[in-house]
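Asker: sequence isn't available, so here's the structure alone:
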């Protein structure tokens with residue numbers, strides 16, 4: 001007669017060697033399988049190494065065995081593959097057309113279904129809140145599970161339970177040992193109950209310690225289905241002797257503190273263990289710092305297939321739709337091809353540049369592959385096996401296998417060899433996986449199983465996330481890595497529990513999909529519901545087990561760098577000794593030892609920066625010191641050789657550009673470094689500016705406005721709004737022709753925006769000029785007037801300044817200079833003195849001087865102002881005016897808010913008052929010799945930010 005007993009065990013005695021041997025010998029004597037079930041992969045590895053030949057396995061494997069025994073033919077689905085079918089159903093069902101069809105929605109439905117099944121519920125018994133999904137779940141089970149016999153993990157167990165209930169007494173199964181579990185899910189409990197009812201002998205071993213409340217709950221459930229409590233005395237052999245809590249300022253300092261402490265200790269590496277609270281991200285961080293400090297880890301280093309270049313390349317090929325693409329949209333494929341062909345450095349950059357400019361390739365082999373991938377055509381729906389064959393054909397036609405094999409014999413650089421070997425293995429693994437799935441579909445008679453292209457792409461993505469490439473063996477003498485499920489495997493002396501922040505552990509439990517905790521209590525779940533209380537008890541048991549696995553335990557957490565709002569340690573650490581030390585960058589820099597040459601240089605640089613005498617400095621530090629000093633100066637002198645002396649002629653806009661940012665001026669106009677090529681996302685401001693100026697100039701030329709007073713033109717301007725629209729449409733066509741990379745929607749928005757602005761501009765023109773009775777005798781003297789004049793400098797030399805004034809108005813002996821701007825425009829006198837805004841005052845000076853010389857009469861400059869197309873009616877802050885023309889009586893409509901009241905505008909006295917000659921001389925000299933990183937105006941969108949070393953201090957210094 002079969003026995004059903006629950007025994008107690010010490011957490012360190014899980015997978016006890018004697019029990020493993022007993023199970024193995026039973027299998028030999030009975031000549032029937034004996035399964036030994038353990039709670040994690042590491043425990044399974046431990047059992048298999050202790051007793052080779054024993055079937056150390058999981059509940060899923062037992063279910064698979066039962067289905068095979070019952071000769072039930074099926075194909076196993078992963079959770080990710082289940083999601084793909086739900087996505088397909090959602091697209092087909094009209095009931096769900098109101099929802100946005102995205103993979104996230106399908107995953108939520110699929111996860112909800114999986115959660116219900118793990119609760120052991122039938123679809124007809126789902127909670128009331130989930131009834132809207134009941135029909136979808138029925139459809140999934142009918143079409144996928146029953147008709148196509150595709151079984152997800154939960155349904156594999158449920159079908160095994162069904163077979164057991166139909167007649168499990170004929171099973172070729174001797175016994176099952178279940179060891180190390182704190183609790184069981186409702187589905188696992190149903191499976192255990194079915195195995196028991198089928199007459200399979202089952203022994204269960206549970207951790208037997210005080211404060212393991214979760215185990216007591218599990219015991220009561222097992223007893224309720226017919227198990228006997230065979231536990232003896234409570235195991236109280238605690239090993240912990242020392243417990244401490246250490247805070248770190250950042251996550252990086254937490255890891256550095258741990259690995260440096262390990263290196264400084266006298267313990268062998270295999271006597272140290274690390275428990276990762278954050279299992280998902282923690283392993284990547286640990287591997288990074290272990291590699292940095294060259295610490296051996298007792299865990300194989302693996303890499304996801306999705307991180308390889310060949311995987312991304314194939315995914316790009318799958319997404320090809322034959323829809324015309326811009327060169328920028330094709331650039332990722334270009335980069336992938338170059339990388340796979342081991343092209344790097346300057347050749348890589350030149351090929352990208354050539355492709356963007358001409359679409360050409362340097363090598364025919366690269367070009368042929370590019371064209372082949374771009375010609376790939378995929379139907380929207382095909383049998384699954386057809387997609388697999390098509391992709392395998394693409395893989396077979398790729399030149400990489402041959403190329404890499406040739407390179408293996410020629411390449412000397414180890415890094416390149418490793419990279420090629422990884423890509424080679426990745427391509428082999430992808431093809432092998434596709435081949436296996438193709439064979440499985442044929443074997444199960446599912447050649448007609450339909451799939452859509454987007455579902456196939458999602459399947460390939462899931463494949464990339466699930467498959468891994470082996471990179472480095474585990475070091476048997478290295479530090480052991482654990483999770484809460486397998487930490488009792490630790491055999492050393494010192495254990496670090498990393499990341500014990502509040503909220504990280506105990507962590508709140510989240511049910512899958514749309515299942516809420518209230519649904520658990522409203523449903524007919526037979527066994528312990530996985531609610532918050534249940535999982536908190538489980539996590540408390542996990543925490544309690546630490547007292548039995550290590551002599552010394554250090555809990556670490558991140559405190560943060562804000563002393564007033566620090567991050568907190570886990571509530572479970574309350575009452576434990578908190579060490580005085582804190583792992584931080586500054587404390588680490590103060591250590592009188594280093595672990596590597598890089599570490600030593602960093603610490604020497606730190607102490608040198610603090611003003612300490614550090615003795616003889618390495619050459620690297622000397623170079624670093626010189627570079628820092630150079631950066632602090634911000635100077636960028638350039639020695640330019642000219643065959644002929646530089647002519648003293650410069651445009652006013654060039655002076656402004658240098659004043660704004662000497663470094664950018666040097667890059668653009670001296671070294672002539674082009675801006676980096678980039679996808680055009682908006683119409684160029686330069687194109688907009690030229691476009692606006694052309695329309696304004698043409699409007700005034702058609703009116704023959706130059707020389708005619710505003711009163712004379714008043715009757716001839718009624719058609720101008722319509723004419724502005726006509727000119728706009730005519731010239732905007734050219735803008736669109738040059739803006740092929742911008743979306744039609746964005747272009748349309750920009751077009752509407754500038755149409756409105758031009759109409760507002762004309763309304764402002766009418767208000768300020770044509771309908772202004774005070775200016776009825778004023779007229780436009782010139783449009784787009786070229787300016788060239790000599791400016792004597794304080795050093796006795798003369799500089800010729802050039803420019804172009806957009807518009808000059810005149811009435812009697814008065815002139816006003818206007819400059820149209822497509823963006824915002826304002827003037828502050830400090831900007832004039834700094835050289836940022838020189839156009840208005842210098843144009844006013846030059847034009848007044850020229851008129852006085854030609855007419856031999858006194859001319860006054862009443863004002864000079866920008867007209868912004870964004871605010872065309874504004875006249876206060878965007879110009880400078882004589883005092884008599886500011887205020888309520890202003891004939892130019894300049895409000896009292898105007899602060900730039902300049903009675904000497906356009907005169908020599910204005911230049912003297914604002915020291916403009918001295919500033920222009922300074923700028924002119926700098927434009928030939930020095931281009932410091934000291935911008936007065938520093939745009940966040942500057943194209944040269946990647947090579948500029950500007951600091952906040954330099955910005956402030958330049959403004960002073």
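Answerer: Happy to help now that I have it. Since we're looking at a predicted model, the values are computed, not measured.
Asker: share the number of residues neighbouring residue 26, please.
Answerer: Using other CB atoms under 10 Å, residue 26 is surrounded by 15 other residues. (Each C-beta comes from the backbone N, C-alpha and C, glycine too.)
Asker: surely it is within a helix?
Answerer: Yes. Checked against DSSP: H, G, I helix; E, B strand; the rest coil, residue 26 lies within a helix.
Asker: thought it was touching residue 173?
Answerer: No. Counting by CB atoms under 8 Å, residue 26 does not reach residue 173; the two are 11.7 Å apart.
Asker: what helices and strands are in contact with whatever helix or strand residue 45 lives in?
Answerer: Secondary structure assignment for residue 45, by DSSP states H and E: helix 41-50. Judged by 3 or more CB pairs under 8 Å, 6 or more residues apart in numbering; DSSP states H and E, helix 41-50 is in contact with helix 17-30, strand 55-57.
Asker: out of these, the one nearest residue 404 is which?
Answerer: strand 55-57 (38.0 Å; CB to CB).
Asker: now the closest one, how far from the centre of its chain.
Answerer: Relative to its chain's centre, strand 55-57 lies at 41 Å (CA atoms, centre = their mean, to the nearest Å).
Asker: partner strands of it, parallel or antiparallel?
Answerer: strand 34-37 (parallel) (DSSP bridges).
Asker: what comes into contact with the partner strand?
Answerer: Outside strand 34-37, the residues within contact range by CB atoms under 8 Å, 6 or more residues apart in numbering are 15, 20, 23-24, 26-27, 47, 54-59, 61-62, 65, 173-179.
Asker: and what of stretch 399-409?
Answerer: 310, 340-342, 365, 369, 416-417, 420-421, 423-424, 427.
Asker: where does this protein have low pLDDT?
Answerer: Applying pLDDT under 70 to the chain flags residues 1-2, 93-104, 168-170, 640-646, 957-960.
Asker: the residue lying closest to residue 180 once chain neighbours are set aside: how many residues sit nearby?
Answerer: Among residues not flanking residue 180 along the chain, residue 14 sits closest, at 3.8 Å (CB to CB, 6 or more residues apart in numbering). Residue 14 has 22 neighbouring residues, counting by other CB under 10 Å.
Asker: please apply the same query to residue 774.
Answerer: 12.
Asker: that's a helix at it, yeah?
Answerer: Yes. Counting by three-state DSSP, residue 774 is part of a helix.
Asker: out of the helices and strands packed on helix 41-50, which is closest to residue 490?
Answerer: Closest to residue 490 of these, according to CB to CB: helix 17-30, at 16.9 Å.
Asker: now the closest one: buried residues?
Answerer: 19, 20, 22, 23, 24, 27 (16 or more other CB atoms under 10 Å).
Asker: out of those residues, which is nearest to residue 150?
Answerer: Nearest to residue 150 among those: residue 27, at 32.1 Å, using CB to CB.
Asker: check contacts around the closest one.
Answerer: Contact analysis of residue 27 by CB under 8 Å, 6+ apart lists 33, 34, 54, 55, 174.
Asker: swap in 10 Å and give it another go.
Answerer: Applying CB atoms under 10 Å, 6 or more residues apart in numbering to residue 27 gives the contacts 33, 34, 35, 36, 53, 54, 55, 174, 175.
Asker: can you turn the buried part of those into a ChimeraX selection?
Answerer: Selection of the buried residues among the contacts of residue 27 in ChimeraX, burial being defined by 16+ other CB under 10 Å:
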select :33,34,35,36,54,55,174,175
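Asker: what number of residues lie near the nearest residue to residue 116 once chain neighbours are set aside?
Answerer: With CB to CB, 6+ apart as the criterion, residue 116 has its nearest non-adjacent residue at 5.5 Å, and that residue is residue 126. Other residues lying near residue 126 total 21 when counted by other CB under 10 Å.
Asker: how far does the longest helix along the chain sit from its chain's centre?
Answerer: Longest helix in the chain by number of residues, with DSSP state H as the criterion: helix 414-443. On the basis of CA atoms, centre = their mean, helix 414-443 is displaced by 27 Å from the centre of the chain it belongs to.
Asker: buried set for it?
Answerer: 419-420, 422-427, 429-431, 433-434, 437-438, 441.
Asker: next, the buried residues of whichever helix or strand comes after it.
Answerer: Per DSSP H and E, helix 414-443 leads on to strand 450-452 as the next helix or strand towards the C-terminus. Neighbour-count burial for strand 450-452, counted by 16+ other CB under 10 Å, picks out 451, 452.
Asker: how near is the residue nearest to the spatial centre of the chain to residue 284?
Answerer: Central residue of the chain (CA atoms, centre = their mean): residue 307, 14.4 Å from the mean position. With distances taken as CB to CB, to the nearest Å, residue 307 is found 11 Å from residue 284.
Asker: one more: residue 328?
Answerer: Taken as CB to CB, the span from residue 328 to residue 284 is 32 Å.
Asker: ok, those two, which is more surrounded?
Answerer: Taking other CB under 10 Å, residue 328 and residue 284 do not tie; residue 328 has more neighbours (14 against 9).
Asker: torsion angles phi and psi at the more buried one?
Answerer: As for residue 328, its main-chain torsions (degrees, to the nearest 10) stand at phi -70, psi -40.
Asker: what about the residue nearest to it when sequence neighbours are not counted, which SS state?
Answerer: Computed as CB to CB, 6+ apart, the closest residue to residue 328 that is not its neighbour in sequence is residue 679, at 4.1 Å. At residue 679 the chain is in coil, as set by three-state DSSP.
Asker: list the contacts of residue 32.
Answerer: 26, 171, 172, 173, 174, 175.
Asker: recalculate using a threshold of 6 Å.
Answerer: 172, 174 (CB atoms under 6 Å, 6 or more residues apart in numbering).
Asker: name the SS class of it, please.
Answerer: coil.
Asker: which residue of the protein sits farthest from its center?
Answerer: No residue in the chain sits farther from the centre than residue 856, which is 68.4 Å out by CA atoms, centre = their mean.
Asker: returning to what we had before: by contact count, what packs against the longest helix of the chain?
Answerer: For helix 414-443, the packing partners by 3 or more CB pairs under 6 Å, 6 or more residues apart in numbering; DSSP states H and E come out as helix 309-318, helix 384-397, helix 400-410.
Asker: buried set for the last one?
Answerer: This means helix 400-410. For helix 400-410, the neighbour count (16+ other CB under 10 Å) marks 400, 403, 404, 407 as buried.
Asker: report how many residues lie close to the closest residue to residue 447 other than its chain neighbours.
Answerer: Distances taken as CB to CB, 6+ apart put residue 385 closest to residue 447, at 5.2 Å, once the chain neighbours are dropped. Residues near residue 385, counting by other CB under 10 Å, number 19.
Asker: for residue 88, see how far away residue 385 is.
Answerer: Counting by CB to CB, the gap from residue 385 to residue 88 is 16 Å.
Asker: quick one: stretch 589-599 to chain centroid distance?
Answerer: Distance, centroid of stretch 589-599 to centroid of chain: 32 Å (CA atoms, centre = their mean).
Asker: how about stretch 737-754?
Answerer: Chain-centre distance of stretch 737-754: 28 Å, with CA atoms, centre = their mean.
Asker: same question, stretch 73-84
Answerer: Mean-position distance between stretch 73-84 and its chain equals 30 Å (CA atoms, centre = their mean).
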